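Novice: Got a sequence here, can you build the structure:
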Amino acid sequence: MENNNIEKGKTAAITSYILIIGVFIAMSMNTAEDKSSFASFHIRQALGLSITFISLGLIISNFDNPMISISMWIFLSVLWTYGIFSAINGESKPVPLLGNYFQKWFKSIS
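Specialist: Numbering: from 1, shown residues only. As a prediction, the model looks like this:
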């Protein structure tokens, strides 16, 4: 990606990692007249992480085992950290394990 496109969408990309609300704010920041493919990439990644967090949380909440809950929190925290630092550094690297799926599933968000 070109440097101008990255700088233009960096704020929206970083904002998208602020829980699920950040995804919607970043979507509104990445409007049609000022669309950034860099921001769109990270919006898809953050949306996927948010949906994964909510889905796993709903499933794991049925188990009353702290080891399962802590494992989920660590797993998603590592992926979230990887994603946000990728956005801060201006890189378009998908999060490990799930990032390529997020790009494929949410390709309509551009």
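Novice: Check whether the residue of the chain positioned farthest from its centre sits in a helix, strand or coil.
Specialist: Counting by C-alpha atoms, centre = their mean, the extreme residue of the chain relative to its mean C-alpha position is Asp64, 27.9 Å from that point. Classification of Asp64 into helix, strand or coil gives coil, according to DSSP: H, G, I helix; E, B strand; the rest coil.
Novice: Next up, phi/psi of it, please.
Specialist: In terms of degrees, to the nearest 10, the main-chain angles of Asp64 are phi -100, psi 60.
Novice: what's the distance between it and Ile74?
Specialist: Distance check for Asp64 against Ile74: by C-beta to C-beta, to the nearest Å, it reads 18 Å. In short, each C-beta sits where N, CA and C put it, glycine included.
Novice: before we move on, what about Phe63?
Specialist: Between Phe63 and Ile74 the distance is 16 Å, computed by C-beta to C-beta.
Novice: Ok, Ile68 next?
Specialist: Counting by C-beta to C-beta, the separation of Ile68 from Ile74 is 11 Å.
Novice: and the two? which has more neighbours close in?
Specialist: Relative neighbour count places Ile68 above the other of Ile68 and Ile74, with 15 against 10, counting by other C-beta atoms under 10 Å.
Novice: Name the nearest residue to that one, sequence neighbours excluded.
Specialist: In space, not counting the residues next to it along the chain, Ile68 is nearest to Ile60; the distance is 5.4 Å by C-beta to C-beta, 6 or more residues apart in numbering.
Novice: contacting residues for the one you found?
Specialist: Ile68, Ser69, Met72 (C-beta atoms under 8 Å, 6 or more residues apart in numbering).
Novice: How about Glu91?
Specialist: Applying C-beta under 8 Å, 6+ apart, no residues qualify as near Glu91.
Novice: mind checking the SS state of it?
Specialist: coil.
Novice: Tell me which residues touch the residue nearest the centre of the chain, please.
Specialist: The chain has Ala46 as the residue nearest its centroid, 1.4 Å off, counting by C-alpha atoms, centre = their mean. Contact partners of Ala46, counting by C-beta under 8 Å, 6+ apart, are Ser16, Tyr17, Gly22, Val23, Ala26, Gly83.
Novice: Then Phe38?
Specialist: Met1, Asn5, Ile6, Lys8, Gly9, Lys10, Ala13, Gly90, Ser92.
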